[in-house]
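S.K.: Fold the following for me, if possible:
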Amino acid sequence: MNIALILFLLLLFIVALGGTLYVFKQEEKKMKQYETEGDTAKSELQRSMEYETKSLKSNVPILIWIYSVTILIALIAFFVYAF
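M.R.: Numbering: from 1, shown residues only. You can find the predicted model right below:
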């Protein structure tokens with residue numbers, strides 16, 4: 001049972017890491033789009049303000065869900081193993 005639990009938690013970690021990388025790739029695509037459009041100081045400031053508001057509405061909730069589900073499943077696996 002030890003090996004099964006370790007493998008399960010390792011798989012869960014990989015899924016959480018994949019979700020985090022997915023969010024990172026979304027942001028990377030946005031940055032490449034901004035680079036191709038060209039940068040001015042005014043547009044950079046506007047993007048910065050926009051990022052601060054939109055990232056709290058899109059990226060943070062996605063990451064909260066990813067890590068909440070991961071922690072919950074890990075705790076359930078631990079309690080199944082312990083009891």
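S.K.: Show me what counts as buried in the longest helix along the chain.
M.R.: Secondary structure assigned by DSSP state H gives helix 2-37 as the longest helix of the chain. If you call a residue buried by 16 or more other Cβ atoms under 10 Å, then helix 2-37 has these buried ones: L9, L12, A16, G19, V23. Yep, even glycine has a C-beta here, placed from its N, CA and C like the rest.
S.K.: surely the last one meets P61?
M.R.: No - taking Cβ atoms under 8 Å as the definition, V23 is not a contact partner of P61, at 10.3 Å.
S.K.: which helices and strands sit right next to the longest helix of the chain?
M.R.: helix 41-57, helix 59-82 (3 or more Cβ pairs under 8 Å, 6 or more residues apart in numbering; DSSP states H and E).
S.K.: If we use 7 Å, what do you get?
M.R.: Contact analysis of helix 2-37 by 3 or more Cβ pairs under 7 Å, 6 or more residues apart in numbering; DSSP states H and E lists helix 59-82 as its packing neighbours.
S.K.: hmm, who's touching the helix it packs on?
M.R.: Helix 59-82 has contacts (Cβ atoms under 7 Å, 6 or more residues apart in numbering) with M1, L5, F8, L9, L12, A16, G19, T20, V23.
S.K.: ok, how many other residues are close to D39?
M.R.: 10 (other Cβ atoms under 10 Å).
S.K.: Now it, what are its backbone angles?
M.R.: Backbone geometry at D39, expressed as degrees, to the nearest 10, gives phi -120, psi 140.
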